[in-house]
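# Give me the fold of what follows.
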Amino acid sequence: MLVWSIASQKGGVGKTTTVASLAGWLQKENLNVLIIDTDPHASLTSYLGFDYNNIEKSLYDLYTQENFTKETIQSCITHTNFPNLDIIASSMTLATIDRKLSGRSGVGRILTNALKLLEDDYDVVLIDCPPVLGALMVNALVASTSILVPTQTEFLSLKGLEGMVRTFNIMRKADNGCIINYTVIPTMYDKRTKASRTSLEYLNAHYKDNLWQGQIPVDTLFRESSQKGLPITMLDEKCRGALAYRELLLQLLSKELELNPERISPKAAAIVSLSSGEKNTKSDVNKDMDIIAGDVDAMLS
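Residues are numbered from 1 along each chain as shown. Here you go, the predicted model:
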């Protein structure tokens, strides 16, 4: 089971949109997906149409269990209206979790231990992180096979990225066994603006080894999809925003196949294989067309 945390120490960069959009594509590929909203603001919970006040059990209930079992963890999971897509919802009470867990041993590995009991139930877990370093973010980062850092292509977001990378260094220093595989995702990119182009140049210069070479473009359908409580893939899977997230998904799965082959399910690995086959087929078709075009050109000369 793959676990991806979507994290940034700046708000408004597209964390929740990234979780919802990737979840939408994974669900369309018939993978079993669990999304976890660890932000007390509960934006992701609201995005999918839930009122956290009416959720029977939330992530807070999971964290406050003294001795959990698979059944008690499953009791904190809410089924969405979409097949194969479940959520552990957030609540305002999560804002008190650092104080609630104070003094408890192994606080930073609660989520890791809980997810181990769900390995047979899901192909991918997506975690929407809060913007501050505390128990909630530490748990998410430690549990992850990969971390995605959405970064709006503008100056202030670049500062947020610097803060996130410092957090990764703190995590490595605190836990020698902590492996941080992170990918920077340029979001809200508008090639018409100098600010976007300059920011992208900066990312290429300073984060090239961890930078996804695609970009998530500005797309008004992102706002519309959130208003309707739908991942953008369910609103229009052929719009440019949705297609960009599909390219990102394929890149992430290919990376996981290389770095964590034992964690990726056969169904998830198959998506990468099928995509590669499609590209090869298109390439072969293009070569054939070039050959035929050459013959026709000779006939017309």
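# In this structure, what residue spans correspond to helices?
15-28, 43-47, 59-63, 70-74, 97-101, 110-116, 135-143, 155-174, 194-206, 220-228, 232-235, 240-259, 266-300 (DSSP state H).
# Lowest average pLDDT across those?
Mean pLDDT is lowest for helix 266-300 out of those, coming in at a mean of 59.
# State whether Asp190 and Gln215 are indeed in contact, as I suppose.
No. Using C-beta atoms under 8 Å, Asp190 is not in contact with Gln215; the gap is 9.4 Å. Backbone N, C-alpha and C define where each C-beta goes, glycine included.
# Mutual contacts of the two, please.
Overlap of the contact sets of Asp190 and Gln215 (by C-beta atoms under 8 Å, 6 or more residues apart in numbering) consists of Thr153.
# The two - which one has more neighbours?
More crowded of Asp190 and Gln215, by other C-beta atoms under 10 Å: Gln215, with 20 against 14.
# From what I see, that one and Pro150 are in contact.
No. Counting by C-beta under 8 Å, Gln215 does not reach Pro150; the two are 11.1 Å apart.
# Find the residues that touch each one of these two.
Thr187.
# if we can go back for a sec, could I get the helices of the chain in a markdown table, plus columns for distance to Gln9?
Rendered in a markdown table, the data for the helices of the chain read as follows (distance: least, C-beta to C-beta, whole Å):
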| stretch | distance to Gln9 |
| --- | --- |
| helix 15-28 | 11 |
| helix 43-47 | 16 |
| helix 59-63 | 20 |
| helix 70-74 | 28 |
| helix 97-101 | 16 |
| helix 110-116 | 19 |
| helix 135-143 | 9 |
| helix 155-174 | 4 |
| helix 194-206 | 16 |
| helix 220-228 | 21 |
| helix 232-235 | 25 |
| helix 240-259 | 21 |
| helix 266-300 | 29 |
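# Same list, the ones you listed, but as JSON lines with distance to Ile87 and mean neighbour count please.
Shown next, in JSON lines, are the helices of the chain (distance: least, C-beta to C-beta, whole Å; neighbours: other C-beta atoms under 10 Å):
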{"stretch": "helix 15-28", "distance to Ile87": "9", "mean neighbour count": "25"}
{"stretch": "helix 43-47", "distance to Ile87": "7", "mean neighbour count": "22"}
{"stretch": "helix 59-63", "distance to Ile87": "10", "mean neighbour count": "23"}
{"stretch": "helix 70-74", "distance to Ile87": "13", "mean neighbour count": "14"}
{"stretch": "helix 97-101", "distance to Ile87": "18", "mean neighbour count": "16"}
{"stretch": "helix 110-116", "distance to Ile87": "14", "mean neighbour count": "19"}
{"stretch": "helix 135-143", "distance to Ile87": "15", "mean neighbour count": "24"}
{"stretch": "helix 155-174", "distance to Ile87": "24", "mean neighbour count": "16"}
{"stretch": "helix 194-206", "distance to Ile87": "31", "mean neighbour count": "15"}
{"stretch": "helix 220-228", "distance to Ile87": "15", "mean neighbour count": "16"}
{"stretch": "helix 232-235", "distance to Ile87": "15", "mean neighbour count": "21"}
{"stretch": "helix 240-259", "distance to Ile87": "18", "mean neighbour count": "18"}
{"stretch": "helix 266-300", "distance to Ile87": "19", "mean neighbour count": "11"}
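# Can you get me the start-to-end distance on stretch 249-268?
10 Å (C-alpha to C-alpha, to the nearest Å).
# and it, how far from the chain's centre?
How far stretch 249-268 lies from its chain's middle: 14 Å, per C-alpha atoms, centre = their mean, to the nearest Å.
# Identify the residues contacting that stretch?
1-2, 4, 22, 25-26, 29-31, 123-124, 145-146, 148, 181, 183, 212, 214, 269, 271-272, 275.
# ditto for stretch 220-240
Here stretch 220-240 makes contact (C-beta under 8 Å, 6+ apart) with 16-17, 20-21, 23-25, 27-28, 47-49, 82, 217, 219, 241-243, 245-246.
# just to revisit the earlier point, mind checking the helices of the chain for the one nearest to Ser90?
helix 43-47 (4.9 Å; C-beta to C-beta).
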